[in-house]
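Asker: Give me the fold of what follows.
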Amino acid sequence: MLPFLTPTISLKEKIIFYESIANLLEWGITLLGAFKWLLSRTHPGLLYDTIEHTIFFIESGDSLNIAMRKFPSFYEEKEIALIESGEQTGMLKDSFQAIASELRMQSELRTKVIGALTYPFVIMFFLVLALTVVMTFVVPQIMPIIAEMTTEISFSTKSLIWVSNFMRDNIFFIIATLVWAALIFRGYIMTDEWKKKFDYAKIYTPIVGLVYKNYLIVQVMSTFHLLSSSGVSIVKTLRLTGASSWNSKMNEMFSFMADEISKGKKISEAMLDADKSGYIFSSDIIQMIESAEKTSTVHTITQKISEQYRREVDASLAIMVKLIEPIALLMAWVFVMWFAIAIFSSIMQVVDVAWN
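Answerer: Now for the predicted structure:
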């Protein structure tokens with residue numbers, strides 16, 4: 001099976017899983033009992049198999065974090081680190097609840113982004129659909145009639161006929177090419193080299209990149225707060241934060257910061273060195289981190305940064321949607337005008353021939 005067609009567990013399923021375990025532990029049920037209870041209420045599938053195998057390894061004598069490490073496709077490294085910390089401090093319930101809260105925040109933010117982008121993309125979809133229908137069904141019906149009734153065809157009409165004939169004669173080839181291109185693109189970005197290039201492009205692309213950058217800052221600052229406040233060492237926190245961002249650029253920067261801090265540098269200094277342009281770690285972030293280092297409240301300030309940039313995501317989304325909507329409407333206007341000019345210029349020529 002192709003890698004991108006492999007079944008996965010949804011974010012919603014993971015949220016329910018972690019919240020259910022946290023609630024069961026709060027009610028006084030043992031860890032193993034909580035897993036078995038949840039297994040009995042889970043439908044057969046990938047999640048069911050993961051819970052069942054986790055139970056097997058726990059019963060075999062593994063601690064929970066060791067059992068979790070054997071299923072990297074479900075349990076992320078930062079989740080395992082939090083669970084390990086919870087086991088060591090006796091705060092396992094709080095670790096499960098913290099993970100559930102973090103995942104729910106990510107889900108809400110992702111839903112907000114998708115919701116904001118839905119309207120302009122729906123406009124684009126129906127524009128493409130209308131273009132396809134008009135070019136493959138409407139134009140071929142009316143153009144032969146017009147061509148027979150006039151001696152001279154305008155350039156706009158010729159271009160309309162040419163595009164219509166091309167789309168009608170090659171519609172299946174066009175669809176196949178688009179599907180093939182999408183599969184090739186997906187295959188390329190799954191390689192390390194192209195994923196890195198694509199991750200860089202997502203951050204630095206105008207307009208869209210601003211939204212994505214703010215989204216990443218919310219994610220990494222929230223993860224940093226979650227890990228550092230749970231007792232995970234600062235170097236490990238940085239490495240796990242970068243890895244869990246799922247962005248090569250961000251992972252590279254946080255790995256660099258971890259290396260620099262292990263050599264004795266402060267977090268704010270490492271941030272400045274990792275992002276010399278100041279595009280990702282802006283001056284306000286650096287100043288807040290620098291102030292927090294003096295009072296040993298970095299884990300608290302990162303949560304505030306996350307909340308602040310969550311509002312920035314809303315603002316940048318609003319700007320992006322306001323820019324995308326006119327572009328989509330302009331494209332629709334250009335197509336309608338092109339079609340109208342092509343048709344009416346031909347009609348006027350027919351009328352002119354009839355009068356003469």
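Asker: what about the protein, any weak spots by pLDDT?
Answerer: The chain contains residues with pLDDT under 70 at 1-7, 145-152, 349-356.
Asker: At the geometric centre of it, which residue sits there?
Answerer: R110 (7.0 Å; CA atoms, centre = their mean).
Asker: Enumerate every residue touching it.
Answerer: Counting by CB atoms under 8 Å, 6 or more residues apart in numbering, R110 touches L11. C-beta: built from backbone N, CA, C; applies to glycine.
Asker: element containing it, please.
Answerer: Using DSSP states H and E, R110 maps to helix 92-133.
Asker: likewise I153?
Answerer: With DSSP H and E as the test, I153 turns up in no helix or strand.
Asker: For burial, what's the neighbour tally of it?
Answerer: Number of residues near I153 (other CB atoms under 10 Å) recorded here: 17.
Asker: what does the one 5 residues further on give?
Answerer: K158 is flanked by 12 other residues according to other CB under 10 Å.
Asker: tell me the contacts of the residue nearest to N165 when sequence neighbours are not counted?
Answerer: In this structure, N165 finds its nearest non-sequential neighbour in P140, 7.7 Å apart by CB to CB, 6 or more residues apart in numbering. The contact partners of P140, taken as CB under 8 Å, 6+ apart, are 164-165, 168.
Asker: redo that, cut-off 10 Å
Answerer: By CB atoms under 10 Å, 6 or more residues apart in numbering, the contact set of P140 is 161, 164-165, 167-168.
Asker: Then M250?
Answerer: For M250, the contact set (CB under 10 Å, 6+ apart) comprises 199, 203, 213, 216-217, 219-220, 241-244, 274, 280.
Asker: again, 8 Å this time
Answerer: With CB under 8 Å, 6+ apart, M250 has these contacts: 199, 216, 220, 242, 280.
Asker: The second one is in contact with S245, isn't it?
Answerer: Yes: under the criterion of CB atoms under 8 Å, L216 is in contact with S245, at a separation of 6.0 Å.
Asker: how about the helices in the stretch 101-250 of the chain?
Answerer: Secondary structure of the stretch 101-250 of the chain (DSSP state H, counting those that start in this stretch): helices at 139-149, 155-189, 192-204, 208-228, 234-244, 248-262.
Asker: Put together JSON lines for those, with distance to F335 on each row.
Answerer: Shown next, in JSON lines, are the helices of the stretch 101-250 of the chain (distance: least, CB to CB, whole Å):
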{"stretch": "helix 139-149", "distance to F335": "12"}
{"stretch": "helix 155-189", "distance to F335": "10"}
{"stretch": "helix 192-204", "distance to F335": "28"}
{"stretch": "helix 208-228", "distance to F335": "23"}
{"stretch": "helix 234-244", "distance to F335": "43"}
{"stretch": "helix 248-262", "distance to F335": "37"}
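Asker: and of the ones you listed, who's closest to R311?
Answerer: helix 208-228 (9.2 Å; CB to CB).
Asker: In space, what's closest to E79 - neighbours in sequence excluded?
Answerer: Closest residue to E79 apart from its sequence neighbours, by CB to CB, 6+ apart: I99 at 5.3 Å.
Asker: Would you mind pulling the contact partners of stretch 158-165?
Answerer: Outside stretch 158-165, the residues within contact range by CB under 8 Å, 6+ apart are 135-136, 139-140, 143, 147, 153, 338-339, 342-343.
Asker: let's see it at 10 Å
Answerer: 131, 134-140, 142-144, 146-147, 153-154, 338-339, 341-343, 345-346.
Asker: Let me see the domain layout of this structure.
Answerer: Taking automatic domain parsing as the reference, the chain has its domains at 3-75, 102-356.
Asker: Q88 is nearest to which of the ones you listed?
Answerer: Closest to Q88 of those, according to CB to CB: domain 102-356, at 7.7 Å.
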